[in-house]
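# sequence? don't have it. structure:
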């Protein structure tokens, strides 16, 4: 062991020690930034589905809005109407502009997917009926929306829409 120290000292003789007088700032975690950018990208991707010009064929009997994605069981609409599905997420769009409502709707659909929630309630309110008419038109364009129906009285009645989302 002593021989090794002597050998080391002989090899390092005449070497000047390095002066360390700079501080290196710790690196920021890039995962946070990537997560934030991914969330923005996902929201933009979801917004891609919402065209204002698209006019879907919605079933509107007696002012009741309903939609069933092709290939889904027709019994889903009856279950939504009766209130068999309890919404786990609620979105209130009162007082929002169309663009704000579109962003919130995209965020709701992303939340449903990430939280694995299959039923949500969207409060459109009465107001000028602008959002009440537009929200279903946007929703039917999204591939994750299985069905929608005007909410039963206990979940908002005429002023709300229940949606079923594929999780």
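Great, that's in hand. The structure presented is a predicted model; accordingly, all values stated were derived computationally and were not measured.
# Show me the strands in the chain, by range?
Listed in chain order, the strands of the chain (DSSP state E) span 59-61, 64-68, 89-92, 119-123, 145-150, 160-165.
# Which strands or helices does the third one pack on?
Spelled out, it's strand 89-92. Where contact means 3 or more Cβ pairs under 8 Å, 6 or more residues apart in numbering; DSSP states H and E, strand 89-92 is packed against helix 98-115, strand 119-123. To be clear about C-beta, it is placed using only N, CA and C from the backbone, and glycine gets the same treatment.
# To residue 72, which of these lies closest?
strand 119-123 (13.9 Å; Cβ to Cβ).
# what's the distance between the closest one and the middle of its chain?
Relative to its chain's centre, strand 119-123 lies at 13 Å (Cα atoms, centre = their mean, to the nearest Å).
# Which strands border it, and is each parallel or antiparallel?
strand 89-92 (parallel), strand 160-165 (antiparallel) (DSSP bridges).
# Show me the contact partners of it.
The contact list for strand 119-123 (Cβ atoms under 8 Å, 6 or more residues apart in numbering) reads 85-94, 105, 108, 112, 135, 151, 155-156, 159-165.
# and what of stretch 142-162?
With Cβ under 8 Å, 6+ apart as the criterion, stretch 142-162 contacts 46, 49-50, 63-69, 72, 76-77, 80-83, 85, 87, 109, 112-113, 119-126, 132, 135-136, 139-140, 163-166.
# let's see it at 7 Å
Residues outside stretch 142-162 that contact it (Cβ atoms under 7 Å, 6 or more residues apart in numbering) are 49, 64-69, 72, 76-77, 80-83, 85, 87, 109, 113, 119, 121-126, 135-136, 139, 163-166.
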